[in-house]
Structures are given as structure tokens and as C-alpha cells.
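Engineer: Using only what follows, build the 3D model:
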Amino acid sequence: MTKDNGFSDKLKGEVNKAKGELKDHIGNATDNTSLQAEGKFDKAKGAVQEKIGETKDRHTDYK
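Structural biologist: Take a look at the predicted model:
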């Protein structure tokens with residue numbers, strides 16, 4: 001079993017937040033509310049993934 005220190009979750013979170021930011025801006029520029037909604041969802045998903053990674057980091061620090 002490998003030790004997961006949360007790095008992969010934080011990385012995925014950053015990627016999703018960046019992807020969401022891009023979709024949100026493009027949707028805003030093109031007046032595409034569906035794309036804006038996808039962007040906002042991706043940003044929220046990324047934020048949750050980052051928190052999960054931070055929690056894993058704190059948990060592994062205590063072991």
C-alpha cells in the first residue's frame with residue numbers, strides 16, 4: 001500500500017480550478033450560460049479536491 005500524502009488530490013484540484021476558470025471566462029465572453037455553469041462546477045470541485053488533499057496531509061503528519 002502506497003502512502004498518499006494528498007499531493008495528487010491537491011494537483012487535481014488545481015487543474016480543475018484552472019479548467020473551471022477558463023470555462024467560466026469563455027462562457028461569460030460568449031454569453032454561454034451552460035459553459036459558465038460548467039466552469040463554476042469545476043472550480044467548486046477543484047476546491048473540494050484541494051481540501052481533501054490538505055486533510056490527507058494533516059492526517060499523515062500525525063502518523
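
Engineer: only C-alpha atoms for contact and neighbour calcs from this point on.
Structural biologist: Fine.

Engineer: show me where pLDDT drops low in this structure?
Structural biologist: 1-4, 61-63 (pLDDT under 70).

Engineer: so T33 sits right up against I26, yeah?
Structural biologist: No: in this structure, T33 is not within contact of I26 by Cα atoms under 8 Å, at 9.9 Å.

Engineer: between the two, who's got more neighbours?
Structural biologist: Set T33 next to I26 and count neighbours by other Cα atoms under 10 Å: I26 wins out with 16 against 13.

Engineer: Quick one: classify the residue most central in space within the chain as helix, strand or coil.
Structural biologist: For the chain, the residue nearest the mean C-alpha position is G46 (1.2 Å; Cα atoms, centre = their mean). Of the three states, G46 takes helix according to DSSP: H, G, I helix; E, B strand; the rest coil.

Engineer: My read is that it contacts S8, right?
Structural biologist: No: using Cα under 8 Å, G46 makes no contact with S8, being 11.8 Å away.
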